[in-house]
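Novice: what would the 3D arrangement of this be:
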Amino acid sequence: MSTLYVLEAANLFCGDHDPKNSKHLTLQELKLPTLEADYQDHMPGGSKVGIEIEVGIKKLEPTFKLVGFDPELLTQFGLGSRIKHIYTAYGEVRDRRTGASIELRAVMEARLGKIESDAFKRGDLMTTDFALHEVTHYEVYFNNQEKWFWDFWSNTLRINGADEGQTTNTILRIPRAATAER
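Specialist: So this is what the prediction gives:
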């Protein structure tokens with residue numbers, strides 16, 4: 001049966017789940033990474049028509065916007081902070097047919113790569129845009145069911161529980177790493 005799912009509320013934890021890392025009071029926008037295939041053009045020497053060949057998935061680039069200034073988050077940026085952090089987004093999704101609330105959860109391991117504040121203007125709320133870079137781990141759960149799981153270090157990509165790279169990893173003798181399961 002068809003339904004309509006609408007994201008009604010969101011929160012983001014920047015780092016662990018310490019309450020001071022919750023951005024529920026300042027989060028204005030949250031954009032999960034775009035999932036986009038990467039294609040290369042191919043013009044065969046004996047063909048009159050070229051084609052595109054899928055060669056992978058483009059890098060993941062999540063972003064978010066907070067109201068005001070966040071001095072704690074500022075410390076996660078920079079060359080002195082070379083470690084990656086875990087960023088966990090939670091969303092309340094409403095099933096418009098049944099009225100049920102469903103949890104959406106996305107977990108990202110990345111470095112804080114961009115901080116861009118608006119110009120201050122008296123009487124207006126200043127906001128700050130943030131971008132995560134060097135994403136090496138991403139997982140999405142809908143109603144506590146894994147929908148998308150990717151880990152760079154173990155070369156693991158699961159979509160709806162199916163391991164998309166299992167055959168490749170077996171042929172290339174890539175071991176299952178402990179980091180693939182969080």
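Novice: ok, longest helix in the protein?
Specialist: helix 166-171 (DSSP state H).
Novice: quick one: buried residues of it?
Specialist: By neighbour count on 16 or more other C-beta atoms under 10 Å, the buried set for helix 166-171 is Asn169. To be clear about C-beta, it is placed using only N, CA and C from the backbone, and glycine gets the same treatment.
Novice: so which residues of the protein form helices?
Specialist: All helices of the chain, identified by DSSP H, fall at 71-74, 166-171.
Novice: hey, what's Glu92 bridged with?
Specialist: Beta-bridge partners for Glu92, by DSSP bridges, are Ala9, Glu103.
Novice: so what's it up against?
Specialist: Leu7, Glu8, Ala9, Ala10, Ser101, Ile102, Glu103, Leu104 (C-beta atoms under 8 Å, 6 or more residues apart in numbering).
Novice: the fourth one reaches Glu103, doesn't it?
Specialist: Same thing as Ala10. No: taking contacts as C-beta atoms under 8 Å, Ala10 lies outside contact range of Glu103: 11.2 Å.
Novice: more neighbours: the two, which one.
Specialist: Ala10 (20 against 12; other C-beta atoms under 10 Å).
Novice: distance check, the more buried one against Val93.
Specialist: 10 Å (C-beta to C-beta, to the nearest Å).
Novice: again, but for His85
Specialist: Going from His85 to Val93 by C-beta to C-beta gives 25 Å.
Novice: rewinding a little: what separates the longest helix of the chain from the chain centre, distance-wise?
Specialist: Centre-to-centre, helix 166-171 and its host chain are 25 Å apart (C-alpha atoms, centre = their mean, to the nearest Å).
Novice: quick check: Arg176 touching Ser154?
Specialist: Yes: applying C-beta under 8 Å, one finds Arg176 in contact with Ser154, separated by 6.4 Å.
Novice: neighbour count for the two, which is higher?
Specialist: Ser154 (18 against 13).
Novice: just the pLDDT at that one, thanks.
Specialist: pLDDT recorded at Ser154 is 91.
Novice: from Asn143, how far off is it?
Specialist: 25 Å.
Novice: over to His133?
Specialist: Taking C-beta to C-beta, one finds His133 at 30 Å from Asn143.
Novice: what does His137 give?
Specialist: Separation of His137 from Asn143 (C-beta to C-beta) stands at 21 Å.
Novice: neighbour-wise, which of those two wins?
Specialist: A count of neighbours by other C-beta under 10 Å puts His137 above the other of His137 and Asn143, at 21 against 14.
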